[in-house]
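# My questions are about this predicted structure, shown below with the sequence.
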Amino acid sequence: MYNMKNCMCLMFVQLKNGILKRLGVVVIILFLFSFLSCRKGEEDPFISLRSRDKRIVGEWHLRYVSGHIITIYDGLYMDYQYFMDGSVNESFRYKKVREASGFYVNAENYYMLLTIREDKTYTYRVQIRGYFVNRFYEYEGTWDWRENKESIWVSTPIVYYDQYIEEFAGNYSDYIGFAVSESEISNMSQYELLGLSNDEMQLVLKYKSMSSGYLNADIRYRFIKEE
């Protein structure tokens, strides 16, 4: 009888341990799945304690830009090529059909601060300093998630403020502009969110339009969050 009780107790302990082990495995799998489900982009961190909703909110400083925009309108071909790593170098090349092509290079210092809020609004401020221009402008608009939070829609600015001073051939011109967009939804851009960590965000803008001429954009941005 005593041995039988010991056997029963031993079987119960083994069964209990087996159940606990299986339960532990299930908990670990669910735990890892909850973390991995937060990883949407190819450059996202492997494991993150915060969701993309939390990570995207904050103040982002532009640190890198690379890409180009090609437009063809009324026989005029323009290729804007951008590269920035701390400062902006913008290359502008244009040509007309059956006419000689031209090339123009403009090196500028470029500062951009993008503020993204939980209420799906954003603000970005830009300061440009070049050879002949000192310019500041500010946009406000809205944003939203698309494609299971793998990309974001950004609306045209609701409020637009622009102020710049230009110097050309010894002449100075001052300008201050302010406008409110009436058609916000009809003009939106989609950015693919390649990577989003707590302190770094990588976006790609790929856009094609045939509505008025031809436009093809392919630009990559890298932002750093500075607390």
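Ah, there it is. Residues are numbered from 1 along each chain as shown.
# who's Tyr110 bridged to?
Per DSSP bridges, the residues bridged to Tyr110 are Ile128.
# Could you count how many residues lie near it?
Neighbouring residues of Tyr110 were enumerated by other C-beta atoms under 10 Å; the total is 20. All C-beta spots, glycine's among them, are computed from the backbone N, C-alpha and C.
# Quick check: it touching Val126?
Yes. Using C-beta atoms under 8 Å, Tyr110 makes contact with Val126 at a distance of 7.2 Å.
# Give me the helices and strands touching the helix or strand containing Tyr191, please.
Assigned by DSSP states H and E, Tyr191 belongs to strand 188-196. Helices and strands touching strand 188-196, by 3 or more C-beta pairs under 8 Å, 6 or more residues apart in numbering; DSSP states H and E, are helix 52-55, strand 151-155, strand 200-209.
# Give me the buried positions along the shortest one.
This means helix 52-55. Using 16 or more other C-beta atoms under 10 Å as the test for burial, helix 52-55 gives 52, 55.
# angle of the very next helix or strand once past it against strand 200-209?
Counting by DSSP H and E, the next helix or strand C-terminal to helix 52-55 is strand 58-73. Between strand 58-73 and strand 200-209, the angle comes out at 20 degrees (axes from the mean of the first three to the mean of the last three C-alpha atoms, to 10 degrees).
# the bottom helix or strand of this structure by mean pLDDT?
helix 2-36 (a mean of 48; mean pLDDT, DSSP states H and E).
# Relative to Tyr80, which of the helices and strands packed on strand 188-196 is closest?
strand 200-209 (12.7 Å; C-beta to C-beta).
# How about residues contacting the closest one?
Applying C-beta atoms under 8 Å, 6 or more residues apart in numbering, the contact partners of strand 200-209 are 41, 43, 56, 60, 67, 152, 189-196, 215-225.
# if you set the cut-off to 6 Å instead, what comes out?
Residues from elsewhere that reach strand 200-209 (C-beta atoms under 6 Å, 6 or more residues apart in numbering): 43, 60, 191-192, 194-195, 215-224.
# How is the chain partitioned into domains?
1-37, 52-225 (automatic domain parsing).
# Quick check: mean pLDDT of the longest one?
In this case it means domain 52-225. The average pLDDT for domain 52-225 rounds to 74.
# now do the same end-to-end measure for that domain.
Distance across domain 52-225, first residue to last, is 14 Å (C-alpha to C-alpha, to the nearest Å).
# for stretch 110-126, same thing?
7 Å.
# got the buried residues for it?
Applying 16+ other C-beta under 10 Å to stretch 110-126 flags 110, 112-114, 116, 122-124, 126 as buried.
# Can you list which of those residues are found in strands?
110, 112-114, 116, 122-124, 126 (DSSP state E).
# And the furthest pair within those residues?
Tyr110 and Ile116 (19.4 Å).
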